[in-house]
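In: This is a predicted model, with the sequence first.
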Amino acid sequence: MSRFLRPSLNWLLVFLPVAFALRYVPGWRHETALFFASGLAIVPLAGWMGSATEQLSHRLGQGIGGLLNASFGNAAELIIALMALHAGLIDVVKASITGSIIGNLLLVLGASVFAGGLRHKSQQFNKTAVRASCTALILAASALIIPSVFHHTADRHPGGWTPAAEQNLSLAIACVLLATYVALLIFSLGTHRQLYTGHTGAAPENATADGEAPWTIRRSVIVLIIATSAVAWVSEFLVGAVEAARHSLGVTETFVGIIIVALVGNAAEHSTAVTMALKNKMDLALGIAIGSSLQIALFVAPVLVFCSYFFLHPLNLEFTLPEIAAVVIAAFAATQISGDGESNWLEGVQLLALYAIFGLLFFFLPAAT
């Protein structure tokens, strides 16, 4: 009985029927309430997707399991972004990309380092693996800068900038990013996978890390299908209520994408990373935070660019200057914090403070005209 009384993201499932009621019951429709109910309902569903993927990974072996984790690690964010892309909310999609990167590097990593540091005076992790990930992260951040540099430079020359040229540049960069992601998978799952195993200790074959019996493949697949379908359905509610919610709250699409949508998509990962840090498993905590940012930049962003052609809303990789600055600074801060292979609670506070500063920036930043 005590197991069911423990705090859990599953408690937020109560918002799932609430979201459906607000969407389909005549007379109950309230867009702002629907926006928040949908966002809260997605959080535990995303957690289910992650749990099912992890269970399948244990069952199918390290190679296929690692590929599954890499592919479905940010499935919730991808689904939400695809729904927003289908609705033509390009600014929200772009903001969700940068928001997820910033959120993972500053909020998730900061909360993990802070929480772990309160329980353990100093925590160590594999700095070689982290350095490789941070190098790839700096590459990804640089790639996001290039289209904006092209736009502002070519725009100064008559006939130098055209939307078609910028779109082609973004498409080419997306191909490079995806190729880099494939190389990173080969490195982390193949040639140098020993760097990413961490020092977590092996769990018994008849139990998971939490001491519960492992799921069967059938159960894992069923849960993954149900959770993915539910996330897609509820994401449509969320995206459909964005415009009304932002007008009601008095915020911009950029703030909604960078802060709110990114928090919804990453909440399940936030809790897992903090839990791992509290257990002194910092290799796993950093792997979740930095690895998720890499998946967003190297996999999710290129996939969204490719998919945008099917939705007739071509997506480019030109971001606003504040977004670019935030991503670059976040990547630099994460690299500095994790470069020595050791962390403490003060470093966590510094990362969280930087996230709060960026949150204030995007809250007060006026909408683009």
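Out: Thanks, I have the structure now.
In: what about the closest residue to Leu171 other than its chain neighbours, neighbour count?
Out: Nearest residue to Leu171, sequence neighbours excluded (CB to CB, 6 or more residues apart in numbering): Val305, at 6.2 Å. No exception for glycine: its C-beta is placed from N, CA and C like everyone else's. Per other CB atoms under 10 Å, the neighbour tally for Val305 reads 22.
In: average pLDDT across the strand or helix carrying Val305?
Out: Using DSSP states H and E, Val305 sits within helix 301-308. Taken as a whole, helix 301-308 has a mean pLDDT of 92.
In: Now do the same contact list for the residue nearest to Leu171.
Out: Neighbouring residues of Val305 by CB atoms under 8 Å, 6 or more residues apart in numbering: Ser170, Leu171, Ala174, Leu315, Asn316, Leu317.
In: mind checking how far it is from His313?
Out: In this view, Val305 and His313 are 11 Å apart by CB to CB, to the nearest Å.
In: Please apply the same query to Gly348.
Out: 39 Å.
In: Those two: who's more crowded?
Out: It is Gly348, of Gly348 and His313, that has more neighbours when counted by other CB under 10 Å, with 22 against 16.
In: Excluding sequence neighbours, find me the nearest residue to the more buried one.
Out: Spatial nearest neighbour of Gly348, excluding adjacent residues (CB to CB, 6+ apart): Phe114 at 2.8 Å.
In: Over to Ala115?
Out: Of all residues not flanking Ala115 in the chain, Val274 sits nearest, at 4.9 Å (CB to CB, 6+ apart).
In: Ok, Val328 next?
Out: Going by CB to CB, 6+ apart, Val328 has Ala141 as its nearest residue, at 5.2 Å.
In: Test my guess that the one you found contacts Leu294.
Out: No. Judged on CB atoms under 8 Å, Ala141 makes no contact with Leu294 at a distance of 10.6 Å.
In: more neighbours, those two?
Out: Legend: neighbour count by other CB under 10 Å for Ala141 and Leu294, higher for Leu294 (26 against 21).
In: so what's that one up against?
Out: So Leu294 contacts Ser133, Ala136, Leu137, Ala140, Tyr181, Leu184 (CB under 8 Å, 6+ apart).
In: Looking at these, which are in helices?
Out: Ser133, Ala136, Leu137, Ala140, Tyr181, Leu184 (DSSP state H).
In: show me where the stretch 251-369 of the chain has strands.
Out: Along the stretch 251-369 of the chain, counting by DSSP state E, counting those that start in this stretch, strands occupy 342-343.
In: Give me the residue ranges of the stretch 251-369 of the chain where confidence is low.
Out: Flagging of the stretch 251-369 of the chain using pLDDT under 70 yields the residue ranges 368-369.
In: Touching stretch 342-356 from outside, list them.
Out: The contact list for stretch 342-356, computed with CB under 8 Å, 6+ apart, reads 102-103, 105-107, 109-118, 121-125, 282, 329-330, 333-334, 337.
In: Just the C-alphas of that stretch, formatted as CSV.
Out: Output in CSV follows, covering the C-alpha atoms of stretch 342-356 (Å, rounded to 0.1, in the frame of the first residue of the first chain):
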residue,chain,number,x,y,z
GLU,A,342,33.5,16.3,-10.3
SER,A,343,30.4,18.2,-9.1
ASN,A,344,29.0,19.9,-6.0
TRP,A,345,25.8,21.6,-5.0
LEU,A,346,27.0,25.1,-5.7
GLU,A,347,27.6,24.3,-9.4
GLY,A,348,24.0,23.1,-9.5
VAL,A,349,22.8,26.4,-8.0
GLN,A,350,24.8,28.3,-10.7
LEU,A,351,23.2,26.3,-13.5
LEU,A,352,19.7,26.9,-12.1
ALA,A,353,20.4,30.6,-11.6
LEU,A,354,21.4,30.8,-15.3
TYR,A,355,18.2,29.1,-16.3
ALA,A,356,16.2,31.5,-14.2
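In: how far away is the closest residue to Leu365 other than its chain neighbours from Leu360?
Out: Ranked by CB to CB, 6+ apart and with sequence neighbours excluded, the top spatial neighbour of Leu365 is Pro322, at 6.0 Å. The gap separating Pro322 from Leu360 is 11 Å, by CB to CB.
In: For the most centrally placed residue in the chain, which residues are in contact?
Out: By CA atoms, centre = their mean, the chain has its centre lying nearest to Ser100, at 4.3 Å. Shown in contact with Ser100 (CB under 8 Å, 6+ apart): Asn74, Glu77, Ala262, Gly265, Asn266, Ser292, Ser293, Ile296, Val300.
In: OK, contacts around Arg59?
Out: Gly65, Pro214, Trp215, Thr216, Ile217, Ser220.
In: residues contacting the last one?
Out: The neighbourhood of Ser220, defined by CB under 8 Å, 6+ apart, consists of Ala52, Thr53, Gln55, Leu56, Arg59.
In: related to what we said a few turns ago, which of the contacts of Arg59 sits closest to Thr32?
Out: Ranked by distance to Thr32 (CB to CB), the contacts of Arg59 are led by Ser220 at 35.9 Å.
In: that's a helix at that closest one, yeah?
Out: Yes. Assignment of Ser220 by DSSP: H, G, I helix; E, B strand; the rest coil places it within a helix.
In: one step back: format the ones in helices among the contacts of Leu294 as JSON lines; extra columns: pLDDT and neighbour count.
Out: As requested, these are exported to JSON lines (pLDDT from 0 to 100; neighbours: other CB atoms under 10 Å):
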{"residue": "Ser133", "pLDDT": "80", "neighbour count": "25"}
{"residue": "Ala136", "pLDDT": "82", "neighbour count": "23"}
{"residue": "Leu137", "pLDDT": "84", "neighbour count": "26"}
{"residue": "Ala140", "pLDDT": "83", "neighbour count": "23"}
{"residue": "Tyr181", "pLDDT": "87", "neighbour count": "22"}
{"residue": "Leu184", "pLDDT": "81", "neighbour count": "22"}
